[in-house]
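Student: got a structure for you, letters missing:
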């Protein structure tokens, strides 16, 4: 009987999906190109909002359930066991359902934009939701925003592919999905727009803002209507800005920049350690999850996204963080609470690294807000306890600290400023948000040239999101531009053999190869031009007599930036390409520039 109901449900779902697709195809025929884009960004925004609702509701309900059981037992039992179960289940799903492959981190979106024309695999529309709900929803110390952003980007990309939109529109809808995801996750549409533009696209025309704004507003609206406000991150005890506290906000900005660098580097070290882990994926998951579980038992605030503990930290009773733990007897000691909070700031990067490195799925967006709020609390509380001042608003510092770490980690100060401004329901803290975010960004930039998400890609030369020219160059696969059907000649031949070919070809550079197809040198038509008009010299001049060495060689694994440098340094327009030590073909600078021009036209979102 259940199988019949299941089959009937699948049949009904397919019918509804087909009818919906038919309606959308009809709309595409009836509407103008621009109006169809507006309709598309609304549909993408709605889809992203529902993904957010599913993820956030699941994670929140698991947290509430775990707290209920822990309060009943007076021991954080569920905080210990759930993360282990969650990470092991995630690894199981990745191995058995997703064929052992799962792209983590919003850097994959940047790579898709820069190298793949905005094409994201279809499975990312559901893979991120399933795996991140298991990892973070069951207590893994990471965030849901990165999976949400990837899911939104996948919705936008695959919608564009389904309805055969251009590459330019595909990238635009990808950005719409990202904006809708952030907008729905925080009920912060402005922050969603800025994140999409500041982090994902970096270079758009003013008219592209309209679809992104529509999508972000749609996602935020659906989330506002359907998602409980208890699930969202919000604050009620915000005080107005007192300019006398400016020096302390400057101090917080400096510390936020330094802590951002500390968090990013420690996180990468932990991930690198697990990438070298010898053993099965299940052993790695069990090992990492067990260490994480021990950390969470001692520091329960590391459980899950941590948004509930952020809210608790901004109230007048932050000591509730120590309830139902081994440390509950110390909760009324303010100095002990301060040390507890400071240790969490230092340990969060390890907890997130353990979660993701051992096989779980999540991101660093939520951890950046978590660390920022704890850092802000630590700075304000320590100043008040030491007696330097006794009136620093702890809630304000906890809120502004979130913007500082977010700005320092992701190099996105505008997103950080407006996200926190929207979360707090107003812009009373706009000045300190600007101070802390800009200082943190400047300090972090001194130590880390690239943001946390971009660094791994930039180190491999795959993507440079702050430079559009490099982005486009990196997206060009130069091997497809190499001319492989070129005339070659051996050393033993005479110039007469070569001239016969040149008379029917426009090839100006002829590679000279040995018997093993290795490049010995080249014959340049410009060099032999004076000889070819002398029949005697043509007949009795051997190839080795006019042989010259190319000024530079291109290797098949060279990056586009390296290749363009070789062209510029030699002032040549054609250079030989070697693959595995053997001659592969000739590459023309003109072909690269022509492809660049075409790519620029396709990728420019107006």
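Tutor: Received it, and whenever you're ready, just let me know what you need. Treat the numbers as computed from the prediction; the structure is a model and nothing was measured.

Student: where does the chain have its least confident helix or strand?
Tutor: helix 468-475 (a mean of 63; mean pLDDT, DSSP states H and E).

Student: just the pLDDT for the spatially most central residue of the chain.
Tutor: The residue lying closest to the centre of the chain (CA atoms, centre = their mean) is residue 106, at 2.0 Å. pLDDT recorded at residue 106 is 75.

Student: can you tell me which residues contact it?
Tutor: The neighbours of residue 106, taking CB atoms under 8 Å, 6 or more residues apart in numbering as the test, are 146, 149-150, 178, 199-200, 363, 453. Bear in mind the C-beta positions are built from the backbone N, C-alpha and C, glycine included.

Student: filter these down to the buried ones, ChimeraX style.
Tutor: To isolate the buried members of these in ChimeraX, using 16 or more other CB atoms under 10 Å:
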select :146,149,150,178,199,200,363,453
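
Student: ok, the contacts of residue 106 vs residue 597, which is closest?
Tutor: residue 200 (23.3 Å; CB to CB).

Student: show me what contacts that closest one?
Tutor: 106, 109-110, 113, 153, 174-175, 178, 465.

Student: which ones among those residues are found in helices?
Tutor: 109-110, 113, 153, 174-175, 178 (DSSP state H).

Student: still on that earlier bit, tell me the one of the contacts of residue 106 nearest residue 442?
Tutor: residue 199 (17.7 Å).

Student: what number of residues lie near the nearest residue to that closest one once chain neighbours are set aside?
Tutor: Sequence neighbours aside, residue 412 is the residue nearest to residue 199 in space, at 5.3 Å (criterion: CB to CB, 6 or more residues apart in numbering). Applying other CB atoms under 10 Å, we find 22 residues neighbouring residue 412.

Student: give the contact list for residue 412.
Tutor: Residue 412 sits in contact with 194-195, 198-199, 406, 451, where contact means CB under 8 Å, 6+ apart.

Student: what strands line up against the helix or strand where residue 510 lies, and which way round?
Tutor: Using DSSP states H and E, residue 510 sits in strand 509-513. Paired strands of strand 509-513, with direction, are strand 489-490 (parallel), strand 519-524 (antiparallel) (DSSP bridges).

Student: what comes into contact with that strand?
Tutor: 486-491, 498, 501-502, 519-525, 543, 547, 574, 576, 583, 586.

Student: and the furthest pair within the contacts of residue 106?
Tutor: Top of the distance list for the contacts of residue 106 (CB to CB): 200 and 363, 14.1 Å.

Student: deepest in the core, which of the strands paired with strand 509-513 is it.
Tutor: Most buried of the strands paired with strand 509-513 by mean neighbour count (mean count of other CB atoms under 10 Å) is strand 519-524; its value is a mean of 19.

Student: residue 251: neighbour count?
Tutor: Counted with other CB under 10 Å, residue 251 comes out at 14.

Student: if you count neighbours, what's buried in the helix or strand harbouring residue 132?
Tutor: According to DSSP H and E, residue 132 maps onto helix 124-135. Across helix 124-135, burial judged by 16+ other CB under 10 Å covers 124-125, 127-135.

Student: show me the contact partners of stretch 117-127.
Tutor: 98, 102-103, 108-109, 112, 150-151, 153-155, 157-158, 160-161, 167, 170-171, 174, 475, 602-603.

Student: related to what we said a few turns ago, just put the ones in helices among the contacts of residue 200 in JSON lines and tack on distance to residue 232.
Tutor: JSON lines is the format used below for the ones in helices among the contacts of residue 200 (distance: CB to CB, whole Å):
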{"residue": "109", "distance to residue 232": "23"}
{"residue": "110", "distance to residue 232": "27"}
{"residue": "113", "distance to residue 232": "29"}
{"residue": "153", "distance to residue 232": "22"}
{"residue": "174", "distance to residue 232": "25"}
{"residue": "175", "distance to residue 232": "23"}
{"residue": "178", "distance to residue 232": "19"}
